[in-house]
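Novice: Please find the sequence and the predicted model below.
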Amino acid sequence: MALCGGNAVGKSSIGARLARQEPDLEHNPTIGVDYFARRLPAYNAKIGIWDLAGDRRFDTITTPYITGTTIILFVYDITRCESVMELRRLHSLYKKVRNLEKVNIIVVGNKMDKGPSAYTTCVDRGKTFAIELSAPHVEISAKTGQGLEELLSVIIRETNLEKVERDLMTDIKIMHNDSIRTCRNCLIS
């Protein structure tokens with residue numbers, strides 16, 4: 001998974017939160033690329049999270065990370081409408097190196113802790129961008145953690161991890177004291 005967006009939209013804080021780390025509120029800008037990971041034991045999966053620098057001078061370094069990812073989180077700051085325009089630029093850039101129709105895209109509006117009056121117009125623009133891409137839109141606050149569980153649920157749904165879990169939850173036959181028992185929806189560790 002790749003986190004992309006402009007400068008200071010909160011990508012590193014989102015990566016830290018998704019990796020179950022506390023975000024560094026005094027975070028320095030990412031130079032090039034950073035990496036986070038999160039294990040999802042219930043799905044027997046690990047999410048690798050590439051945090052791509054938002055500064056345009058790093059485009060040549062960060063763009064190759066899009067070629068191998070299966071999901072992209074396009075992150076914008078809901079208090080800065082120009083950050084949605086930066087997502088449009090990045091989307092155009094990434095289309096040149098990868099067929100984005102085969103990538104799961106989620107548009108994420110960050111910094112909802114700033115209050116509703118600060119961002120109505122920007123969120124509308126973010127939602128419009130998501131609709132244009134036929135992508136889900138999620139509003140979060142990486143600072144407070146608000147909306148993070150919803151974002152994780154969308155990531156799980158978009159990557160079909162839910163389907164994988166259901167496929168694993170079939171009838172299991174268990175040998176116990178020389179008798180066979182059937183267990184539906186059992187997890188055996």
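Specialist: Received the coordinates, thanks. Numbers count the residues shown, from 1 in each chain.
Novice: Regarding residue 47, which helix or strand does it belong to?
Specialist: For residue 47, the host element (DSSP states H and E) is strand 45-52.
Novice: bridging residues for the spatially most central residue of the chain?
Specialist: Central residue of the chain (C-alpha atoms, centre = their mean): residue 73, 4.6 Å from the mean position. Note on residue 73: beta-bridge partners by DSSP bridges are residue 3, residue 106.
Novice: Contacts only, for it.
Specialist: Shown in contact with residue 73 (C-beta atoms under 8 Å, 6 or more residues apart in numbering): 1-4, 11, 14, 106-108, 155. C-betas here are computed from N, CA, C, even on glycine.
Novice: how about 7 Å then?
Specialist: By C-beta atoms under 7 Å, 6 or more residues apart in numbering, the residues touching residue 73 are 1, 3, 106, 108.
Novice: Need those residues in a markdown table (columns: pLDDT, neighbour count and distance to residue 129).
Specialist: As requested, the contacts of residue 73 are exported to a markdown table (pLDDT from 0 to 100; neighbours: other C-beta atoms under 10 Å; distance: C-beta to C-beta, whole Å):
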| residue | pLDDT | neighbour count | distance to residue 129 |
| --- | --- | --- | --- |
| 1 | 94 | 22 | 19 |
| 3 | 97 | 28 | 16 |
| 106 | 98 | 21 | 11 |
| 108 | 98 | 28 | 11 |
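Novice: Pretty sure residue 140 sits against residue 111.
Specialist: No. Residue 140 is beyond contact range of residue 111, at 8.4 Å (criterion: C-beta atoms under 7 Å).
Novice: Need the pLDDT of residue 186.
Specialist: pLDDT for residue 186: 41.
Novice: ditto for residue 20
Specialist: 83.
Novice: Would you list the phi and psi of it?
Specialist: Dihedral angles of residue 20 (phi, psi; degrees, to the nearest 10) stand at phi 60, psi 40.
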